[in-house]
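> what follows is a predicted protein model with its sequence.
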Amino acid sequence: MDSALAIHRLHFAFTVTFHYIFPQLTMGLALLLVVLKTLALRTGDEHYNQAARFWAKIFAINFAMGVVTGIPMEFQFGTNWARFSKAAGGVIGQTLAMEGMFSFFLESTFLGLFIYGEQRLGPRLHWLTGVFVFVGSWLSGYFIIATDAWMQHPVGYSVGPDGAIALSSLAGLLANPWILWQYTHNMLASVATASFVMAAAGAFYILSQHNVSFGKTFVCVGVTSGAVATLLLAFPTGDQQAKMIALNQPATLAAMEGLFNAENGAPLALIGQPDMERQRLDNPIAIPEMLSFLTYKRWHAEIKGLNDFPRDQWPDNIPLLYFSYHIMVGLGTLLVAVAVTCAVLLKLGRLYNNRAALWVLMLAFPFPYVATTAGWMTAEIGRQPWLIYGLMRTSAGTSARVTGGSGMFTLLGFFGLYALLALLFVFLIWREIEHGPEPAKAP
Ligand code: HEM
């Protein structure tokens, strides 16, 4: 890989990974805010309104960080990926513009009303603004996933004589079959992140004997939604995504599983290291025939190996792809175990005084962030060497006149700027957590 290409890729990988720390929380939190506001409306208990106000502040900080780090990426399409933007702008420009026009404005307008309008709007209208924040943020996610889904599985386009890709069906683009499982899996991942963050804050409050009643509410809501989301991440959404990949990107599936040669009754590798020289998985622990069964519901079905595909169509970093995938699935299994065990303890009335479980909950919140990052790495590294699968190679999409040196210069600038932003973010969030929700005012 030439160095300019490597730097442009690293540039985007860094900015998008940093950016996605924030929306993954806000999209999931938007749903949990609606849950808290619904509880407030149903019970008439001010406690749930206080809880919602607290999380709205955390939401707002993350939302602002998401906007600040999201805008540079739109420019990167032009600065670092000019040939891609020129060729495919007619398609991806549609969904990216719709994201800005419809959903971002919807979400930000109603977020303002949600935070500042509670006194004037009254309980029902305030609840409705929360629902619109949720709809706006989930629509945003939809348009972004529709853009990525088109790059994974291009549909509804035609290629002109000059090589420009034109949109031939907007409906086709928005109803791309790739979207269904990618979107549901991704949004559930957001719900998992928000649930574990909420539960961690709750566990912290209970353990430190500070804001205990809010702590119990946060743990209860977080653990319940976390258990549902993590179970659904594995089945059906993760499972269906893998089937889609087996069907449409078979070389990617072989690389994700470290399978070099085709096998009838292929095993599912739980652990092992891909050995690129010897073309095998070192130190494997695998469940025999399970990959064939999960993919085709037949124990002896054939799964193609990497050697069934030309070398120039293999993903270019197979070990990184393999490990990203296994980290996501491994952490997914761990998160199911934590969330379901805590949900059972909650149901039995034994969670709030179980210090060990509360400590686990308090410390587990980084794992969904790691799993989500690993999931996106799987999707994006797995699509290589294609920028648009089967249509345009990644090496053909960079800005031809931007050298590796220029790319590195701005990347270093991003490192510095984002390090400062990260410090500011941690400070602002810690301040809110330490302060905690406002106690209910005396009537
Ligand atoms: C537990 C079992 C899980 C399975 C079987 C699974 C499976 C998958 C598959 C097959 C992909 C598509 C990769 C590609 O496009 O090449 C994927 C992507 C992804 N996964 Fe998972 N996953 C699991 C758990 C999780 C967890 C726990 C999270 C986060 C909390 C997560 C977050 C993501 C994300 C953000 C993506 C990228 C977006 C997408 O393609 O949906 N996954 N996962």
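Yep, that arrived.

> so which residues of the stretch 151-300 of the chain form strands?
Ranges of strands within the stretch 151-300 of the chain are 157-159, 165-167, 263-264, 268-275, 280-287, based on DSSP state E, counting those that start in this stretch.

> need the residues that contact the third one.
Read that as strand 263-264. 292, 300, 301, 302, 303, 305 (C-beta atoms under 8 Å, 6 or more residues apart in numbering). (Glycine included, C-beta is placed from N, CA and C.)

> isn't residue 147 up against residue 88?
No. If you go by C-beta atoms under 8 Å, residue 147 and residue 88 don't touch, sitting 9.8 Å apart.

> so the two - more neighbours on which side?
Using other C-beta atoms under 10 Å, the more surrounded residue of residue 147 and residue 88 is residue 88, with 26 against 20.

> circling back to that earlier point, quick one: the strands of the stretch 151-300 of the chain as TSV, columns for mean pLDDT and mean neighbour count too.
Below are these laid out as TSV (pLDDT from 0 to 100; neighbours: other C-beta atoms under 10 Å):
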stretch	mean pLDDT	mean neighbour count
strand 157-159	97	14
strand 165-167	96	17
strand 263-264	96	15
strand 268-275	96	17
strand 280-287	96	13
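
> taking the contacts of strand 263-264, tell me the two that lie furthest apart.
Spanning the widest gap among the contacts of strand 263-264 are 300 and 305, at 15.5 Å by C-beta to C-beta.

> those two: who's more crowded?
Using other C-beta under 10 Å, the more surrounded residue of residue 300 and residue 305 is residue 305, with 21 against 12.

> contact partners for that one?
By C-beta under 8 Å, 6+ apart, the contact set of residue 305 is 254, 259, 260, 261, 262, 263.

> pLDDT at the residue nearest to the fourth one when sequence neighbours are not counted, what is it?
Distances taken as C-beta to C-beta, 6 or more residues apart in numbering put residue 305 closest to residue 261, at 4.1 Å, once the chain neighbours are dropped. Confidence per residue is given as pLDDT, and for residue 305 that number is 98.

> for residue 305, grab phi and psi.
phi -100, psi 170 (degrees, to the nearest 10).

> for it, give its distance to residue 250.
Using C-beta to C-beta, to the nearest Å, residue 305 is found at 9 Å from residue 250.

> cool, and residue 375?
20 Å.

> the two - which one has more neighbours?
Ranked by neighbour count (other C-beta under 10 Å), residue 375 and residue 250 place residue 375 first, with 24 against 18.

> whatever helix or strand that one lives in - contacts with which helices or strands?
Assigned by DSSP states H and E, residue 375 belongs to helix 366-383. Other helices and strands packing on helix 366-383, by 3 or more C-beta pairs under 8 Å, 6 or more residues apart in numbering; DSSP states H and E, are helix 3-43, helix 118-152, helix 177-207, helix 250-257, helix 318-347.

> so where is this structure shaky, pLDDT-wise?
Applying pLDDT under 70 to the chain flags residues 1, 439-443.

> same thing but 90
Per-residue confidence of the chain (counting by pLDDT under 90) places the weak regions at 1-2, 101-104, 161-164, 438-443.

> next, the angle from the helix or strand harbouring residue 51 to helix 3-43.
Residue 51 belongs to helix 46-79 when assigned by DSSP H and E. Angle of helix 46-79 versus helix 3-43, following axes from the mean of the first three to the mean of the last three C-alpha atoms, to 10 degrees, is 160 degrees.

> what is the next helix or strand after helix 46-79 packed up against?
Counting by DSSP H and E, the next helix or strand C-terminal to helix 46-79 is helix 82-98. Applying 3+ C-beta pairs under 8 Å, 6+ apart, one finds that helix 82-98 makes contact with helix 46-79, helix 118-152, strand 165-167, helix 170-174, strand 386-388, strand 392-393.

> run the last query once more with 6 Å
helix 118-152, strand 165-167 (3 or more C-beta pairs under 6 Å, 6 or more residues apart in numbering; DSSP states H and E).

> the inter-axis angle of it versus helix 46-79?
With the same axes, to 10 degrees defining the directions, helix 82-98 sits at 150 degrees from helix 46-79.
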